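**Q** Turn this into a model:
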Amino acid sequence: MKKTKNEMKLIFPSLSENERLARIAVGGFISAENPTVAELNELKTAVSEAVTNCIVHAYRDTVGLIELTARLSDGGVYIKIRDKGCGIEDVERAMEPLYTTLADEERSGLGFSVMESFTDSVSVKSRLGIGTTVVMKKKLRSRI
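**A** So this is what the prediction gives:
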């Protein structure tokens, strides 16, 4: 088991301006591991997509809380983003590229694809009426 070096938790309302807050917080937090610029940008983008999903889908017509946890361990980062929104009816389908439930709002349906392309693993657990948890992991290149 890898030793945890540091961990942070941030809870914030599902307001669109807080997507930026999440990016900045994660970027600042993981910078302690001296990631490459590409790794930093990839993780910030993956977090942005996950938080945007909470804002747009989980709490569609209301404001709720988003919980972001980031953990640094030897050589990697673990990021969990959790909401207590409406949940996802079919996670497997929702993770298909270009699938969206909001096509009338010009949504691309690429959020999960972006998360998967910028991290080593993405897992999604969701229950209708309970909420959704997205966990992303990425191993960082050693820059010693």
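
**Q** Could you tell me which helix of the protein is the longest one?
**A** For the chain, the helix with the greatest residue count under DSSP state H is helix 37-53.

**Q** quick check: angle from the helix or strand following that helix to helix 37-53?
**A** On the C-terminal side of helix 37-53, the nearest following helix or strand under DSSP states H and E is strand 65-73. Calculated by axes from the mean of the first three to the mean of the last three Cα atoms, to 10 degrees, strand 65-73 forms an angle of 160 degrees with helix 37-53.

**Q** Could I get the buried residue list for strand 65-73?
**A** Residues of strand 65-73 classed as buried under the neighbour-count rule (16 or more other Cβ atoms under 10 Å) are 66-73. All C-beta spots, glycine's among them, are computed from the backbone N, C-alpha and C.

**Q** where does the protein have low pLDDT?
**A** Confidence mapping of the chain against pLDDT under 70 gives the ranges 1-2, 91, 94-111, 142-144.

**Q** rerun that using 80 as the cut-off
**A** By pLDDT under 80, the low-scoring segments of the chain are 1-4, 74-75, 90-114, 142-144.

**Q** Good, wrapping up.
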